[in-house]
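Participant: compute the structure for the input listed below.
(one chain, ligands or ions: 1)
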Amino acid sequence: MLRFSHPLRRDGLRGLIFLAITAASSTVWAQTSPAAKVDPLVDSLTLRQKIGQLQQSNAEPKTIADISDELRAAIREGRVGSFLNVPNPEVANELQRIAMTESEAKIPLVFARDVIHGYRTIFPTPLGQAATWNPELVEKGARVAAVEASSMGIRWTFAPMIDISRDSRWGRITESFGEDPYLTSVLAVASVRGYQGKEGDPTSIAATAKHFVGYGAAEGGRDYNVTYIPEPLLHNVYLPPFKAAVDAGVMSIMTAFNDLNGVPASGNDYIIDRVLRREFGYNGVIVSDWDSVLELIPHGFAEDKKQAARIAFNAGMDVEMVSTTFQENLFSLLDGGKVSESELNAKVSRIIDMKRKLGLFEQPYVSGDPEKAILTDEHKALAEQAALESLVLLKNDKQVLPLARGKTVALIGPLAHAAHDQLGSWVLDAKKQDSVTVLDAFRKILPESKLLYSQAMYSSRSRETDFSQVLELARKADVIVFVGGEEAVLSGEAHSRADTRLPGTQELLVRELKKTGKPLVAVLMAGRPLALNDVISEMDALVMAWHPGSMGGPAIARLLMGDAEPVGRLPVTWPKVTGQLPLYYNRPSSGRPAEEGNFTQMDDFPLEAFQHSTGHKNHYIDIGFKPQFPFGFGLSYSNAVYSDLKLSKKTIGVNDTLEVSAKIRNSGKRPVTETVQLYIRDLVASSVRPVRELKNFQRVTLKPGEAKVVKFKLTKDDLAFYNQQLNWVVEPGEFHVWIAPNAEEGLQGQFTVR
Ligand code: GLC
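Facilitator: Got it, this is the predicted structure:
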């Protein structure tokens, strides 16, 4: 085993010994966190003003007239350092004017908001953006969001959300980049660069890597639920995206609601101080989630607000969002020596440093012109491109797609003309009139005589069962396009689902539509993969559109009509049924790995298997072990053929670089854009390793008949992992490597590490 210090770890063995002692405890750190450098301005502040910088309040006023005298006094006396949810530049500038002209310290306020996938021009939800596998496009989307939000006075966003999500019952999977640490890390960096842009630029907004850490592992996929993540798994899967964001210069990190192995993340000095500050070397701002400091009490981790404040403060929390335990208790905690003023100074310095980086001391007021910045043609075009590349073609039997010109289309379903719902979760400032729906788009493409439309049901949750009129309309068409799925409110925060099938009676509608005998194309908008086991056979073609944002309609219409190619690839494993969850590709083998039996109903199960060992496998007797669609999967309108896998060596030393290449050829009649994926497997190690791990990907576009050789390099950082002792190691032995179109297929090679 070769052990070497991985960038995640700064101080080698000492750190390791320390880890063993304090991993789960909540010791109070006496000394100031290592990254502290105190801003000279801090010394001039009173205790009151210092503590005030730690307070982030939710801005209630909607107009200047709404600003209460109490709020004016709080700002004047320096009792608040930032606001979230200030609604417009007028209110922002008035609050700022009070801070800059009436307060003593004259420290600018900073205004924050959840600009998760666009401000007014709404991009696909992050899960949809992840399906593009296009970091440049994700970065551009974040930049558009920053330009629009900053023009309205927002200089801090609570994004990117980079929680690894392996259970699509969890409503917040829609806000994530999916299940894979590598893809999530790449897109985390792209988002941070997009939001923050150039330091001091007035359109730069502070990004927030959230929710630190492990929130996506909520047991049962139930939001806010407990999480149990063993140290090696935490370091190998859940922490890497945050380390990537830190290395990309993310200006803030938000702690999570969940308790991690018994210690709530927002009071967990191990993950905040030990991992984030000392291992990652992070010296930016750490902000709590909404009331997550106060929630240490219902967690049963603090008996009252004073203890909650002490625990969170000493764990390393800088900014308390909404709850006021710091404001109410830090004076007495300082007085009693339970917290240190040097630590307070370090916190205030980090907050002031962020405000300086944003240029707020020089330019505290909103200067942009929203009219010029928002919903520009360029922004809408980018949102349409992102929506287009987020679409994943999952099924296309009998080449039903693309739709032939001249055919009559029956556009049917609750989300075909859903201006609000196509935007998805976390669209605080979007206006549905900005949306272009699927129906709007088809009306621009097809003559009226060739386009029939019915919403079919009031909403995606509708229990409607009488579809007689809809079917009559469908029978007049040459092809049916069903647009259904989940309306926006069925995913997102606090919206986990125990049953992830199509909601309401949509399955019944799909069956009835299929009975007309017409080709049936299903386009699904949802915040998660939907369990389609009982209905997918009715669909001749299937496109996953996630929640595609403002320009989802034109993107979908262009794809269905063949005016664009499908390039999306799944960022999550797609289950057949909810009962398979959690389900993810980079899983250990188990001692009895299931190999065969991809059946879909109990009666498909080969009963004789019960008598033989073939039945004693890691699978379900009623649904087998395979997902509906694997991670990384997506079809095109053409066909990419993989061949000629080549490895530069059969055996390498740990410090060697291995080159792996393959030829990708377009054997079809249309262009193809293929996301070529590189996976490895460490066959034998001191910890069981996943049967596959994504280590890189490249996009290649091929004309019909064209072929290209795609090359990758593998180095020790790609082969290393955290072992049981949390050493970052490469262990000699056999490795498999794939160049593949998804996590289940591909060209497999083998090499040895000496
Ligand atoms: C919410 C979310 C968090 C968001 C914050 C502010 O509860 O958990 O992601 O940024 O509160 O709105």
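Participant: and the strands in the stretch 1-150 of the chain?
Facilitator: 2-3, 55-58, 82-84, 110-113 (DSSP state E, counting those that start in this stretch).
Participant: which stretch in those has the least confidence?
Facilitator: Mean pLDDT per stretch puts strand 2-3 lowest among those, at a mean of 61.
Participant: next, the closest residue in space to Leu719 that isn't next to it in sequence: phi, psi?
Facilitator: Closest residue to Leu719 apart from its sequence neighbours, by Cβ to Cβ, 6 or more residues apart in numbering: Val730 at 4.9 Å. Using the backbone N, CA and C atoms, a C-beta is placed for each residue, glycine as well. The phi and psi values for Val730, taken as degrees, to the nearest 10, are phi -110, psi 120.
Participant: hmm, Val730 is touching Asn655, no?
Facilitator: No: in this structure Val730 lies outside contact range of Asn655 using Cβ atoms under 8 Å: 9.3 Å.
Participant: before we move on, back to that, hey, which of the strands of the stretch 1-150 of the chain is tucked in deepest?
Facilitator: Neighbour counts (mean count of other Cβ atoms under 10 Å) averaged over each of the strands of the stretch 1-150 of the chain peak at strand 110-113, with a mean of 26.
Participant: for it, the distance to its chain's centre please.
Facilitator: 21 Å (Cα atoms, centre = their mean, to the nearest Å).
Participant: that one packs against which elements?
Facilitator: In terms of contacts (3 or more Cβ pairs under 8 Å, 6 or more residues apart in numbering; DSSP states H and E), strand 110-113 is packed against strand 82-84, strand 156-157.
Participant: now the ones you listed as TSV including distance to Glu102?
Facilitator: Output for the helices and strands packed on strand 110-113, formatted as TSV (distance: least, Cβ to Cβ, whole Å):
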stretch	distance to Glu102
strand 82-84	16
strand 156-157	23
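Participant: which stretch among these comes nearest Gly553?
Facilitator: strand 156-157 (26.0 Å; Cβ to Cβ).
Participant: ok, and does the closest one reach over to the ligand?
Facilitator: No: Strand 156-157 does not reach the ligand (Cβ under 6 Å from any ligand atom); its nearest approach is 8.6 Å.
Participant: and that strand, what does it pack against?
Facilitator: Under the contact rule (3+ Cβ pairs under 8 Å, 6+ apart), strand 156-157 is packed against strand 110-113, helix 135-150.
Participant: among the ones you listed, which is the most enclosed?
Facilitator: Greatest average neighbour count among the helices and strands packed on strand 156-157 goes to strand 110-113 (a mean of 26), per mean count of other Cβ under 10 Å.
Participant: rewinding a little: now the common contact residues for Val730 and Asn655.
Facilitator: Counting by Cβ atoms under 8 Å, 6 or more residues apart in numbering, the common neighbours of Val730 and Asn655 are Lys716.
Participant: who has more neighbours, these two?
Facilitator: Ranked by neighbour count (other Cβ atoms under 10 Å), Val730 and Asn655 place Val730 first, with 23 against 10.
Participant: next one, pLDDT for the more buried one please.
Facilitator: For Val730, the pLDDT comes out at 97.
Participant: kindly state the beta-bridge partners for it.
Facilitator: Applying DSSP bridges to Val730 yields these beta-bridge partners: Leu2.
Participant: okay if I get the strands of the stretch 1-150 of the chain as a markdown table plus distance to the ligand?
Facilitator: Listed next are the strands of the stretch 1-150 of the chain as a markdown table, based on distance: least, Cβ to the nearest ligand atom, whole Å:
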| stretch | distance to the ligand |
| --- | --- |
| strand 2-3 | 37 |
| strand 55-58 | 8 |
| strand 82-84 | 6 |
| strand 110-113 | 8 |
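Participant: need those strands in TSV (columns: distance to Asp291).
Facilitator: Output for the strands of the stretch 1-150 of the chain, formatted as TSV (distance: least, Cβ to Cβ, whole Å):
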stretch	distance to Asp291
strand 2-3	42
strand 55-58	10
strand 82-84	12
strand 110-113	15
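Participant: wait, which of these is closest to Gly359?
Facilitator: Minimum separation from Gly359 across these (Cβ to Cβ) falls at strand 110-113, 10.8 Å.
Participant: let's see the pLDDT reported for the closest residue to the ligand within the stretch 1-150 of the chain.
Facilitator: Nearest residue of the stretch 1-150 of the chain to the ligand: Asp114, at 4.7 Å (Cβ to the nearest ligand atom). As predicted, Asp114 sits at a pLDDT of 98.
Participant: let me know the average pLDDT across stretch 101-109.
Facilitator: pLDDT averaged over stretch 101-109 gives 97.
Participant: can you give me the end-to-end span of it?
Facilitator: Stretch 101-109 has its terminal residues 12 Å apart, counting by Cα to Cα, to the nearest Å.
Participant: contacts for that stretch next, please.
Facilitator: Contact partners of stretch 101-109, identified using Cβ under 8 Å, 6+ apart, comprise 41, 44-46, 49, 53, 72, 75-78, 80-83, 95-96, 99-100, 352, 355, 360-361, 364.
Participant: pretty sure Glu734 contacts Arg681?
Facilitator: No: look at Glu734 against Arg681 with Cβ under 8 Å: they stay out of range, at 9.1 Å.
Participant: neighbour count for these two, which is higher?
Facilitator: Using other Cβ under 10 Å as the criterion, Glu734 and Arg681 rank with Arg681 on top: 18 against 12.
Participant: and that one, bridged to which residues?
Facilitator: Applying DSSP bridges, one finds that Arg681 bridges with His736.
Participant: would JSON lines of the helices and strands packed on strand 156-157 with distance to Ala419 be doable?
Facilitator: Listed next are these as JSON lines, based on distance: least, Cβ to Cβ, whole Å:
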{"stretch": "strand 110-113", "distance to Ala419": "22"}
{"stretch": "helix 135-150", "distance to Ala419": "19"}
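Participant: would you mind naming what in this structure lies close to the ligand?
Facilitator: Within the chain, the residues that sit near the ligand (Cβ under 6 Å from any ligand atom) are Leu84, Asp114, Phe158, Lys210, Asp289, Trp290, Glu493.
Participant: and these, which are buried?
Facilitator: By neighbour count, with 16 or more other Cβ atoms under 10 Å, the residues of the chain next to the ligand hold Leu84, Asp114, Phe158, Lys210, Asp289, Trp290, Glu493 as buried.
Participant: so what's the residue in the stretch 151-300 of the chain that the ligand sits nearest to up against?
Facilitator: Nearest residue of the stretch 151-300 of the chain to the ligand: Phe158, at 3.3 Å (Cβ to the nearest ligand atom). With contacts defined as Cβ under 8 Å, 6+ apart, Phe158 is in contact with Leu84, Ala112, Arg113, Asp114, Val115, Ile116, Thr208, Lys210, Met254.
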